[in-house]
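In: structure, please.
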Amino acid sequence: MNIYVLLKRTFDTEEKIVVSNGQISDDSAEFIINPYDEYAVEEAIVQRDKHGGEVTVITIGKEESEKQLRTALAMGADKAVLINTEEDLEDGDQYSTAKILEAYFEDKDVDLILAGNVAIDEASGQVGPRLAELLNIPYVTTITSLNIDDKVVSIEKDVEGDVEVIETSLPLLVTCQQGLNEPRYPSLPGIMKAKKKPLDELELDDLDIDEEDVEAKTRTIEIFLPPEKQAGRVLNGELKDQVTELVSLLKNEAKVL
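Out: Residues are numbered from 1 along each chain as shown. Take a look at the predicted model:
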């Protein structure tokens, strides 16, 4: 089985984001595998171990993304591919990413593509579905269970606090949600093996792509932090007095009544 994972390099979730002049400053920031993509990597490894084949992890970005790809290899992926756009594409968006991936998969024999449900930096959730449409294969988002029996695939999908059961077929693209599995930590032997596993680097020219073909369709005007929240207030006294004061605050200060 040919299994592929779409991976993104994102800020560490423990990082305090610094915004300067309407842009995120990443000078001293730590980066990790997008947490939802970790579920995709884990599930890819699980399915490979059940059905055979190999897992290839792909990311689009700069040289620095190699670290996250090596982490995925240390988890148990077989191969990694970095599509380096540092010199060819200054600013891209979800459209750009999907078009580049479409070109990469043009000559690939695909059984299963896994991605995170969203990336924690932009949270658009668009790349997976866009790519599936371009490749003309079925896709299911926010999955929490995946069972493959030959070409028949049974899926449980998270839908607003409930579960939807779907049956489809390979080839298939899915995006992975919390609850699907528990991503493993890279072991020391895994880290050592990852150093010898293949990591290929491609550029847009290698995929016969011109920069104009993948030019972003959207533009970020400004990035800003939300306003600081005011401290909460504790109401004291008799219950009826608290209710009276609460109603007054909601009406006169919060102005929601």
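In: burial of the closest residue to Val110 other than its chain neighbours, as a residue count?
Out: In this structure, Val110 finds its nearest non-sequential neighbour in Pro171, 4.9 Å apart by C-beta to C-beta, 6 or more residues apart in numbering. For glycine as for every other residue, the C-beta is placed from the backbone atoms N, C-alpha and C. Counted with other C-beta atoms under 10 Å, the neighbours of Pro171 add up to 18.
In: kindly report the same for Glu90.
Out: If you count neighbours by other C-beta under 10 Å, Glu90 ends up with 9.
In: how about Ala115?
Out: Neighbours around Ala115, by other C-beta under 10 Å: 30.
In: where's it, which helix or strand?
Out: Here Ala115 is covered by strand 112-116, with elements defined by DSSP states H and E.
In: give me the sheet partners of that strand and which way each runs.
Out: When pairing is defined by DSSP bridges, strand 112-116 lines up against strand 2-6 (parallel), strand 172-176 (parallel).
In: quick one: distance of the first one to the chain centre.
Out: Pointing back at strand 2-6 there. Chain-centre distance of strand 2-6: 13 Å, with C-alpha atoms, centre = their mean, to the nearest Å.
In: hey, C-alpha coordinates of that strand in CSV?
Out: Extracted C-alpha coordinates of strand 2-6, given in CSV (Å, rounded to 0.1, in the frame of the first residue of the first chain):
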residue,chain,number,x,y,z
ASN,A,2,1.3,3.4,-1.0
ILE,A,3,0.6,5.8,1.9
TYR,A,4,1.4,9.5,1.9
VAL,A,5,1.2,12.0,4.7
LEU,A,6,0.9,15.8,4.2
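In: from here on, call the first residue 43.
Out: Okay, residue one is now 43; in that scheme the one you just asked about reads as strand 44-48.
In: same for the following helix or strand past that strand, what does it pack against?
Out: Downstream of strand 44-48, the first helix or strand assigned by DSSP H and E is strand 51-53. Other elements packing on strand 51-53 under the criterion 3 or more C-beta pairs under 8 Å, 6 or more residues apart in numbering; DSSP states H and E are strand 73-75.
In: ranges for the strands of the chain?
Out: Assigned strands in the chain, in chain order: 44-48, 51-53, 60-62, 65-67, 73-75, 96-103, 121-126, 154-158, 181-191, 194-201, 204-211, 214-218, 241-244 (criterion: DSSP state E).
In: re the thing from before, please work out which of the strands paired with strand 154-158 is packed deepest.
Out: Scoring the strands paired with strand 154-158 by mean neighbour count under mean count of other C-beta atoms under 10 Å gives strand 214-218 as the most buried, with a mean of 25.
In: pull it out as CSV, backbone CA atoms only.
Out: Output in CSV follows, covering the C-alpha atoms of strand 214-218 (Å, rounded to 0.1, in the frame of the first residue of the first chain):
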residue,chain,number,x,y,z
LEU,A,214,-8.7,8.0,-0.6
LEU,A,215,-7.7,11.2,1.2
VAL,A,216,-8.6,11.7,4.9
THR,A,217,-7.9,14.4,7.4
CYS,A,218,-7.3,13.3,11.0
